[in-house]
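>>> need a structure here:
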Amino acid sequence: MIEQRTDIKHKTVKSFLRANRLLKAAASRCAESFGLHRSQHRMLMLICRNGGGVSQKQLAEAMDVSPAAITVMLNKLQESGYITRVSSKTDSRVNLISPTEKALEIQTASQQYFEELDSTLLKGFEEQELLVLINAFERMQKNFSKTDIEE
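Numbers count the residues shown, from 1 in each chain. This next block holds a predicted model:
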């Protein structure tokens, strides 16, 4: 028989991780419905929300990934007709990324999907409970920033 840890800290982390896995799976299903990987979909939504004119460096920082990884994803999005790249008028080393109409259509459908998903995920929670959750998640993030675990 496999022994299960039952202390409250372990149960809390286990529940958090399970909810996170379920949310990631739902996000992956949404992305896959458009022929995209979850990270490509996330990037495309960032580009759409910013209305275009976002640089690769800004995307790398927002997504907390390397510029090389951004380049690979952008190449795939451009090949699929989701984005355009234009050299900056002020700095020719910088490419500004903008969404195409095809991308904006995905954004609309995705927003509706995630609004419904959020409603399902948070069904039955009172506003005060949500504020407690937000506070708890922010404290977790702050705890990590005080350690070198992120390094």
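>>> surely Leu96 touches Ser55?
Yes: the pair Leu96 / Ser55 is scored as a contact, 6.1 Å apart, by CB atoms under 8 Å. C-beta coordinates here come from the backbone N, C-alpha and C atoms, glycine included.
>>> quick one: common contacting residues for these two?
Here Leu96 and Ser55 have Ser88 as joint contacts, going by CB atoms under 8 Å, 6 or more residues apart in numbering.
>>> the helix ranked longest in the chain: which residues count as buried?
The longest helix of the chain (DSSP state H) is helix 8-32. Neighbour-count burial for helix 8-32, with 16 or more other CB atoms under 10 Å as criterion, is recorded at 26-27, 30-31.
>>> want to throw those residues into JSON lines with distance to Ile8?
Shown next, in JSON lines, are the buried residues of helix 8-32 (distance: CB to CB, whole Å):
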{"residue": "Ala26", "distance to Ile8": "27"}
{"residue": "Ala27", "distance to Ile8": "29"}
{"residue": "Cys30", "distance to Ile8": "33"}
{"residue": "Ala31", "distance to Ile8": "35"}
